[in-house]
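Mind looking at a prediction? Sequence and model below.
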Amino acid sequence: MKAIVFDRIGDPRDVLRLAEVPKPVRSPGHILVKTSWASINPGDGLFVQNLYPEPKKPKFPAQIAGNHGAGVVVEAAEGGTLLPGTRVAFSYVDVWAEYISMPEAWAIPVPDDYPLEKSAQMVNLVTARDLLDMSGAAPGEWIAVTAGNSTVSTMLAQMARAKDIHVLSIVRRRLALPSGESAALGASAVVELSSLDVPLGERIAEITKGKGLRAAIDGVGGPMAGDLIRSLSFGGKFIVYGGFSQERFSLHNFDILMNGVRIEPYLYRYFFEPPKAEDRAWLEDIVRTTKPEAFRVRSAGAHAADDFASAVRESFERPEAGKRFVAFGE
């Protein structure tokens, strides 16, 4: 079968290659899934660069890349509930391949008519919902998201809007979107850093009418993070889920102490363990609320496996263009 593999640690744009590898034999307790689409996410690059903690470490030679995707069950587990033909989303290992053997517990069943561009990036839908819940924001309050053009931020903004929570989207530059598209992606206000002519904290105070932010959800880091923390209302949260910037930020103890600020990390909930039985209703609600066409995901399309290199390059160099996928089937 076709798979995208690597034999050494490095930049995904340099070390990944398309290879023919043996089709996996279903292990006991596993299902065999035919991959439809696999999404390309920042975390996939971290795995290739060996930046994930144990046990998520590459094993050479020919380590299959990729962690998230969607497909169809072709062989069921003994006594399992996911029968052949069931469409599933999943976060596992060895995903950028035509077939995957995985424990049934890792697969999330989705309706046949649930869009592939959503199921193949269930990781982002789950992350967005978790981050919004962690914020603790109530209707009428403000939260800020950095990397505002990113998949997670635009998903979170739409989820927040459905709860009447205001989202301030912080972007490097505005995208050239069709009329009404920005509003459709959920943000109540946008701050474009490339054209900002006042300090960020001052602009946030103006937008929130002096109330500040209930939470700031940051996937970037750098000096801006300090500004966001100082813009939180008393008891606000600063939630870290990524770090695109290589720069650091500085704080004084009183920036935290005198404002009752809480700084919390977020690691994808299914990073180490599969969904629990009690998660099923929660996951079904995510699928139900994001299935309508009105819930937008910005997709840059699916690339054939033979064209994976351009998909990876564009994903890491122009992420604002939308989520890209590698297609192994339908």
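In hand now; what should we look at?

When you work out contacts or count neighbours from here on, use the C-alpha atoms and nothing else.
Will do.

counting contacts, what elements does the helix or strand that residue 31 is a member of pack onto?
Here residue 31, judged by DSSP states H and E, is contained in strand 30-39. In terms of contacts (3 or more C-alpha pairs under 8 Å, 6 or more residues apart in numbering; DSSP states H and E), strand 30-39 is packed against strand 68-75, strand 99-103, strand 323-327.

so what strands line up beside the last one?
Partner strands and pairing direction for strand 323-327 (DSSP bridges) are strand 30-39 (antiparallel), strand 299-304 (parallel).

Can you name the element that comes right after the shortest one?
To tie it back to what came earlier, the one meant is strand 299-304. Proceeding N to C from strand 299-304, the next assigned helix or strand is helix 308-317, under DSSP H and E.

can you pull the alpha-carbon coordinates of the next helix-or-strand element following the strand holding residue 31 into PDB?
Per DSSP H and E, strand 30-39 leads on to helix 42-48 as the next helix or strand towards the C-terminus. Extracted as PDB, the C-alpha positions of helix 42-48 are listed here (Å, rounded to 0.1, in the frame of the first residue of the first chain):
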ATOM      1  CA  PRO A  42       1.000  21.400  13.000                       C
ATOM      2  CA  GLY A  43       1.300  18.500  15.400                       C
ATOM      3  CA  ASP A  44       2.200  16.200  12.500                       C
ATOM      4  CA  GLY A  45       5.300  18.300  12.000                       C
ATOM      5  CA  LEU A  46       6.200  18.000  15.600                       C
ATOM      6  CA  PHE A  47       6.100  14.200  15.400                       C
ATOM      7  CA  VAL A  48       8.400  14.200  12.400                       C
END
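
From the chain's centroid, how far away is helix 42-48?
Mean C-alpha position of helix 42-48 versus that of the full chain (C-alpha atoms, centre = their mean, to the nearest Å) differs by 12 Å.

just stretch 77-96 next, same as before
Put simply, stretch 77-96 sits 20 Å off its chain's centre (C-alpha atoms, centre = their mean).

Ok, stretch 307-317 next?
17 Å.

Quick one: mean pLDDT over it.
Mean per-residue pLDDT for stretch 307-317: 96.

And that stretch, what's buried?
By neighbour count on 16 or more other C-alpha atoms under 10 Å, the buried set for stretch 307-317 is 308, 309, 311, 312, 314, 315.

How about the contacts made by residue 261?
Residues in contact with residue 261 (C-alpha atoms under 8 Å, 6 or more residues apart in numbering) are 229, 232, 234, 235, 236, 237, 238, 255.

any idea which of the residues you listed is least confident?
Ranking the contacts of residue 261 by pLDDT, residue 255 lands last with 93.

my guess is that residue is in a helix, correct?
Yes - under DSSP: H, G, I helix; E, B strand; the rest coil, residue 255 sits within a helix.

For the closest residue to residue 296 other than its chain neighbours, give me its contacts.
Distances taken as C-alpha to C-alpha, 6 or more residues apart in numbering put residue 185 closest to residue 296, at 6.6 Å, once the chain neighbours are dropped. Shown in contact with residue 185 (C-alpha under 8 Å, 6+ apart): 154, 155, 157, 158, 296.

just residue 173 next, same as before
Residue 173 sits in contact with 192, 193, 194, 195, where contact means C-alpha under 8 Å, 6+ apart.

Next one: the residue nearest to the last one when sequence neighbours are not counted, what pLDDT does it get?
This means residue 195. Ranked by C-alpha to C-alpha, 6+ apart and with sequence neighbours excluded, the top spatial neighbour of residue 195 is residue 173, at 7.8 Å. Confidence at residue 173, expressed as pLDDT, is 84.

In three-state terms, label residue 173 for me.
Put simply, residue 173 is coil when judged by three-state DSSP.

how about it, phi and psi?
phi -150, psi 150 (degrees, to the nearest 10).

check contacts around the residue positioned nearest the centre of the chain.
In the chain, the residue lying closest to the centroid (C-alpha atoms, centre = their mean) is residue 124, at 3.1 Å. Residues near residue 124 by C-alpha under 8 Å, 6+ apart: 151, 152, 155.

again, only using 6 Å
Residues near residue 124 by C-alpha atoms under 6 Å, 6 or more residues apart in numbering: residue 152.

could you point out which element follows the helix or strand containing it?
Assigned by DSSP H and E, residue 124 belongs to helix 122-135. Following helix 122-135 in sequence order, the next helix or strand is strand 142-145 (DSSP H and E).
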